[in-house]
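*Asks:* Need a 3D model of the following:
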Amino acid sequence: GAEVNAELFRVCSECGQLDRKASANSRYDHRPWCSLREAPEEDSRSIALSRTLRTEGLLLRLPPLASLGSGFALPSLAAAIKLGLREHIGGAPDHLSLEVVVDPVLGDGTDNRDALLLHDLVPGGTGYLGELADAATLRTILLHAYELVRDCGCAGSGRLACHKCLLPFAAFGQTHLVSRAEAEKQLKDVLVAGSQAEVEPDGGPGWEVTEVAPIDFDRESRMEQKFRAVLKERLRVLGATVKAVPQTAGERWEIAIGGGRTWTLEPQVIVGSCQPDFLLRCSDPSVPPAAIFCDGQRYHASSEHNRLADDAEKRQTLRELGMLVLAFSWVDLDGVEPAEPPWLDESAARIVMGQPGMKLRPAHVDLMRGGPMDLLVAWIQAPDPEGLKAVGRALPFLLAVRAQQRGALGDGAGLGAAALRLLDGANLPDGDSSAWAWGTGSVVLLVRSIPSTVETEVALVLDDGPSAVGTGIKEPWQTWLRLSNLLGLRPAGTQITVRSLLAASPAASLAPAPTATVGAGDGTAGGAWREVIGQSTPDERGFVELLARADVPVPEYGPEVDGIPLGPSWPDRKITVDVDLADAERRELVRRGWTVVAMDVDAVRNALKGPES
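*Replies:* This next block holds a predicted model:
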């Protein structure tokens, strides 16, 4: 089923002589007896020639989806195996060849996978491959190859590979696809049989040998590769250019797309105490980074592996840093069109779009209908932080029509505690502020309006208790992830959490954190920060409070540069935070020597430290 580019031979349709020049007939392109020698126009056919070689071969099965989303995987692995053969033989394995083939499995074809066919170039074979068919011998060869690429001196040099490791064994025309880091990753996966264990040295326990080839595997364990493959195809359709740079943790992508922006997608970057599967960063400092998680239900929301509380806690920390957090489940990558959200009401959407304070557009409603991949691709194509804030602000009103419960809550009542009671089957109590709730199964979204404003407080809570996770968690969990993606850039007053975290402090409310914790007592620093926080808008307040807890000097709020009003700024160092600057204003500030940083605590801290950091 693979497509390849093959050179065809153009020959005369009558005598079969090779036609050496297209679009012109020559008598020398025919046999002497051919009636077309003197014809005014050529009559040729394009054919493919093949040959059959009967020899010996050894099929090397690869881990499922080994090459998915990466053009470096198979060329690098093939070159590494040739490197191992050279060490084993004591010379170049010129009489052996490696081909990438399909390993067919009985069924509908969906279980077929890539494999490497190691075959003898000598007709009938030399008998050498009989030795390699021994599991212990083959493992020794692969282990030597792994150690050589792991310890090669080109590691960390910025080169994909070098003449001491893989380059001499790259297939013709594939030197640009051979990577030492990718070969190390693929060989390790083969040697540990897809587990998370470390590679055992020679003389270790080795492989478990079975009589029946294992074909069953957990697709969710390969979600990151599936994510790459789906995203690469979506970017290709948009005309984006993706440059892949192999690393031990996976490929780093450099993405170029229209609009003058470039992006970097890097795997396994540690951000604070969290390590997203991918971190997406834009060359435009005003665009917040995006932390991307690929969540398999088995490894995140099952009785065997219940990581929901840890997921909620760490991702909330990233949101507080001003980052966009996106979570994908397998259903978001399997090519099935996302179902219409059960909470989305079209009539409510039209009403909310008509409200001037909401700033909601039809394109934003389309993002709500789609899945996280639609949101991510739209973000790369045209990042719109304000648009996603509008989505998060409007979403509670869009589901109000579909809400199963309506009532009121007291202004001081803990929204999280009320959401827990709803999960347990209780009704909304009486109170001063209108409230409504929508839920399905073991997930609930509770909303409380803020009097005299168009703002709301929101608590999105998933039941992560043993009984809930044990049965029927899949759809509520996916709904929780989908709503989390849309609510991620809401201003303060948003809690995305799970039962176990709320149960630890059920009375916690969603009111902004008290500023009394900032600074020391009523000292100068604490008082100055409280003044700055008081000057900030509701959209900016959460970020300014994070700044107050970071080790940075107290900024000025609201200075002007040539008529351009600024947010939190340090005029003596010409540093300002981009809270709502137009492109022209941003360019003018940079021209005047100012450093404009995004609403990101780490970015502000690094800018204030100066270039020496």
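*Asks:* Am I right that residue 264 falls within a strand?
*Replies:* Yes - per DSSP: H, G, I helix; E, B strand; the rest coil, residue 264 lies within a strand segment.
*Asks:* Tell me the spatial nearest neighbour of it, not counting adjacent residues.
*Replies:* residue 281 (5.0 Å; CB to CB, 6 or more residues apart in numbering). Yep, even glycine has a C-beta here, placed from its N, CA and C like the rest.
*Asks:* Going by secondary structure, that neighbour is in what exactly?
*Replies:* Residue 281 belongs to strand 278-282 when assigned by DSSP states H and E.
*Asks:* tell me what that strand is packed against?
*Replies:* Judged by 3 or more CB pairs under 8 Å, 6 or more residues apart in numbering; DSSP states H and E, the packing partners of strand 278-282 are strand 262-267, strand 290-294, helix 372-381.
*Asks:* how near is the residue nearest to residue 249 when sequence neighbours are not counted to residue 244?
*Replies:* Leaving aside its chain neighbours, residue 249 sits nearest to residue 268 (4.2 Å; criterion: CB to CB, 6+ apart). With distances taken as CB to CB, to the nearest Å, residue 268 is found 15 Å from residue 244.
*Asks:* the more surrounded of the two?
*Replies:* Applying other CB atoms under 10 Å to residue 268 and residue 244 shows that residue 244 carries more neighbours, namely 20 against 14.
*Asks:* Under a three-state scheme, what state does the more buried one occupy?
*Replies:* strand.
*Asks:* so who does it touch?
*Replies:* Shown in contact with residue 244 (CB atoms under 8 Å, 6 or more residues apart in numbering): 70-72, 251-253.
*Asks:* if I look at the residue nearest to residue 249, how far off is residue 180?
*Replies:* 18 Å.
*Asks:* give me the element residue 434 is part of.
*Replies:* Going by DSSP H and E, residue 434 is part of strand 433-440.
*Asks:* Distance from that strand to the middle of the chain?
*Replies:* 32 Å (CA atoms, centre = their mean, to the nearest Å).
*Asks:* same deal with stretch 308-319?
*Replies:* With CA atoms, centre = their mean, you get 17 Å for stretch 308-319.
*Asks:* Could you list the residues in contact with that stretch?
*Replies:* Against stretch 308-319 from outside (CB under 8 Å, 6+ apart): 271-274, 276, 291, 293, 295, 300-301, 325, 327, 462, 464, 469, 477, 484, 488-489, 494-498, 500-501.
*Asks:* just checking, residue 500 touches residue 462?
*Replies:* No - Residue 500 is not in contact with residue 462 according to CB atoms under 8 Å; the separation is 9.9 Å.
*Asks:* so where do the helices sit in the stretch 1-150 of the chain?
*Replies:* For the stretch 1-150 of the chain, applying DSSP state H, counting those that start in this stretch gives helices covering 73-89, 128-132, 135-151.
*Asks:* which ones are touching residue 581?
*Replies:* Residue 581 neighbours (CB under 8 Å, 6+ apart): 286, 564, 589, 596.
*Asks:* ok, now which ones touch the nearest residue to the first one once chain neighbours are set aside?
*Replies:* Once flanking residues are discounted, residue 286 sits nearest to residue 578: 4.5 Å by CB to CB, 6+ apart. By CB under 8 Å, 6+ apart, the residues touching residue 578 are 285-286, 567, 586, 596-599.
*Asks:* again, only this time at 7 Å
*Replies:* By CB atoms under 7 Å, 6 or more residues apart in numbering, the contact set of residue 578 is 286, 586, 596-599.
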